[in-house]
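**Student:** pasting the structure only:
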């Protein structure tokens with residue numbers, strides 16, 4: 001399972017998404033991720049909208065196995081429902 005997180009510096013939800021992905025990487029042998037800093041990579045909002053396939057207002061934008069799951073809240077719910085995540 002490969003997850004891609006599109007985020008930006010200074011975004012608290014991006015940080016939380018990255019921390020969650022790091023935790024899943026530690027707990028599961030079948031999970032890996034890549035964090036893409038949209039500012040460092042020169043990715044515009046318009047570029048991200050093309051990738052997501054709909055208007056994008058916020059980051060992070062997260063894909064699991066190339067399927068768009070949404071932002072941090074949706075990613076956390078996905079992890080709890082499908083990856084056995086139990087957070088305090």
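**Tutor:** Sure, I can see it. Nothing here was measured: the structure is a model prediction, and the numbers come from that model.
**Student:** please count neighbours and contacts with C-alpha atoms only from this point.
**Tutor:** Will do.
**Student:** can you list the buried residues in the helix or strand in which residue 16 is found?
**Tutor:** Secondary structure assignment for residue 16, by DSSP states H and E: helix 12-27. By 16 or more other CA atoms under 10 Å, the buried positions in helix 12-27 come out as 13-15, 17-18, 20-21, 24.
**Student:** which of the residues in the following helix or strand past that helix are buried?
**Tutor:** Toward the C-terminus, helix 12-27 is succeeded by strand 32-37 as the next helix or strand (DSSP H and E). For strand 32-37, the neighbour count (16+ other CA under 10 Å) marks 32-33, 35-37 as buried.
**Student:** closest one of those to residue 63?
**Tutor:** When those are compared for distance to residue 63 (CA to CA), residue 33 wins out at 9.6 Å.
**Student:** contacting residues for that closest one?
**Tutor:** For residue 33, the contact set (CA atoms under 8 Å, 6 or more residues apart in numbering) comprises 2-5, 21-22, 25.
**Student:** repeat for residue 66
**Tutor:** Per CA under 8 Å, 6+ apart, neighbours of residue 66: 2-4.
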